[in-house]
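Q: Output the structure for:
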Amino acid sequence: MQLPVLVALPFFLGHVAAALNPSCRPGGNFDLSKWALETPIDNGNGQPLVISAASLSGGNDGCKNGWQDKGSDHQWFFTESTDGSMVMKAPGYSMDHPCIKWSGSSHYRTEFRETSPTSWSPSAATNRLHVKLVGIRGSNVCIGQVFQAGGSANKPFAELYYQDGTVVMGVATCPGGANDGCGQDMQKLGTVALGTAFTYDIRFEGNVLKAGVNGQVNTLRTHFTTPGAMFKVGNYNQGTDDASIHILELTTQHG
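A: Okay, here's the model as predicted:
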């Protein structure tokens with residue numbers, strides 16, 4: 001029997017967090033060795049700059065060497081100097097506010113995607129994501145995703161939105177999403193005011209999708225199956241206004 005593998009913060013056991021160090025870069029406070037970071041920064045070829053797990057982790061000293069925005073006036077990804085939280089910012093999309101985004105999306109992001117494992121089976125016994133965060137600003141931010149893998153569709157299976165204080169899970173009604181003329185089944189999970197810390201949990205195990213806010217995890221309606229999936233976490237800004245979130249806890253389990 002394979003035991004669940006903890007692939008994020010070793011500092012968190014049972015979701016009880018040790019104090020974050022405001023003097024450390026994000027890779028010193030969080031185990032980012034299982035994630036890549038997609039940013040709204042130009043990689044030199046007009047595509048989003050993707051930061052590898054190795055760069056985020058900073059080798060043997062993530063506190064000193066982990067990647068964050070250059071310079072003293074950080075813009076997209078850095079440590080909050082007051083409490084050590086991980087700041088993830090993304091601009092709002094508009095024609096007069098250009099930034100770097102993927103060609104298949106209309107929105108900008110500073111968002112993690114899992115790289116180890118690169119994908120997992122939804123039929124497995126354990127696939128869990130736990131996040132604690134504070135929404136600082138932003139009218140409509142995707143703060144978590146279950147993304148399809150292992151099939152022909154390169155689309156989300158489900159997206160967790162923080163919309164003006166309401167937390168909603170949008171579950172795709174077909175694999176191709178908007179490409180196939182399908183939408184999302186929007187299922188409300190709770191209400192949390194901007195500036196208030198809260199937790200969310202997403203579980204996709206035994207082919208059952210569950211999610212919830214502040215420990216209240218419920219089974220959600222699904223409309224199709226996918227052979228594989230991965231988690232995404234962060235600030236995938238769906239609005240035209242700028243968005244900012246601060247992450248305080250980040251854990252995943254697979255097994």
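
Q: mind listing the strands for the stretch 101-250 of the chain?
A: 109-114, 127-137, 140-149, 156-163, 166-172, 184-191, 197-205, 208-213, 216-219, 228-237, 243-254 (DSSP state E, counting those that start in this stretch).

Q: what is the mean pLDDT for the longest one?
A: Mean pLDDT, computed over strand 243-254, is 98.

Q: do the same with stretch 209-216
A: 98.

Q: Would you mind listing the buried residues in it?
A: Buried residues in stretch 209-216, defined by neighbour count with 16 or more other C-beta atoms under 10 Å: 209-213. C-beta: built from backbone N, CA, C; applies to glycine.

Q: which outside residues touch it?
A: With contact meaning C-beta atoms under 8 Å, 6 or more residues apart in numbering, stretch 209-216 is reached by 122, 146, 157-158, 160, 167, 169, 171, 189-190, 192, 198-204, 217-220, 222.

Q: likewise stretch 182-192?
A: By C-beta under 8 Å, 6+ apart, stretch 182-192 touches 135, 159-160, 162, 165-174, 176-177, 198, 200, 211-214, 216, 218, 220-221, 223.

Q: picking up where we left off before, mind putting the buried residues of stretch 209-216 in TSV, distance to Ser94 included?
A: What follows is these, written out as TSV (distance: C-beta to C-beta, whole Å):
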residue	distance to Ser94
Leu209	33
Lys210	35
Ala211	30
Gly212	33
Val213	30
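
Q: out of the residues you listed, who's nearest Asn140?
A: Closest to Asn140 out of these is Val213 (16.6 Å), distances taken as C-beta to C-beta.

Q: The closest one pairs with what?
A: Per DSSP bridges, the residues bridged to Val213 are Tyr200, Gln216.

Q: Only whichever of the contacts of stretch 182-192 are buried, select them in ChimeraX.
A: Only the buried entries of the contacts of stretch 182-192 go into this ChimeraX selection, using 16+ other C-beta under 10 Å:
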select :135,159,160,162,167,168,169,170,171,172,173,177,198,200,211,212,213,220
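
Q: and the closest residue to Gly170 other than its chain neighbours, bridged to which residues?
A: Nearest-residue entry for Gly170: Gln184, 3.4 Å, with adjacent residues in sequence omitted and distances by C-beta to C-beta, 6 or more residues apart in numbering. Beta bridges link Gln184 to Ala172 when assigned by DSSP bridges.

Q: Check the gap between the residue lying closest to Trp67 once chain neighbours are set aside and Asn214 for me.
A: Closest residue to Trp67 apart from its sequence neighbours, by C-beta to C-beta, 6+ apart: Ser55 at 4.4 Å. Taking C-beta to C-beta, to the nearest Å as the measure, Ser55 and Asn214 are separated by 33 Å.

Q: now do His254
A: 23 Å.

Q: ok, back up a step: counting neighbours, what do you get for the residue nearest to Gly170?
A: Neighbourhood size, Gln184 [other C-beta atoms under 10 Å]: 18.

Q: again, but for Cys24
A: Cys24: 19 neighbours (other C-beta under 10 Å).

Q: repeat for Gly181
A: Gly181, neighbours per other C-beta under 10 Å, totals 9.

Q: same question, Ala197
A: Ala197, neighbours per other C-beta under 10 Å, totals 14.

Q: Which residue is the nearest non-sequential neighbour of it?
A: Excluding its sequence neighbours, the residue lying closest to Ala197 (C-beta to C-beta, 6+ apart) is Val134, at 4.8 Å.
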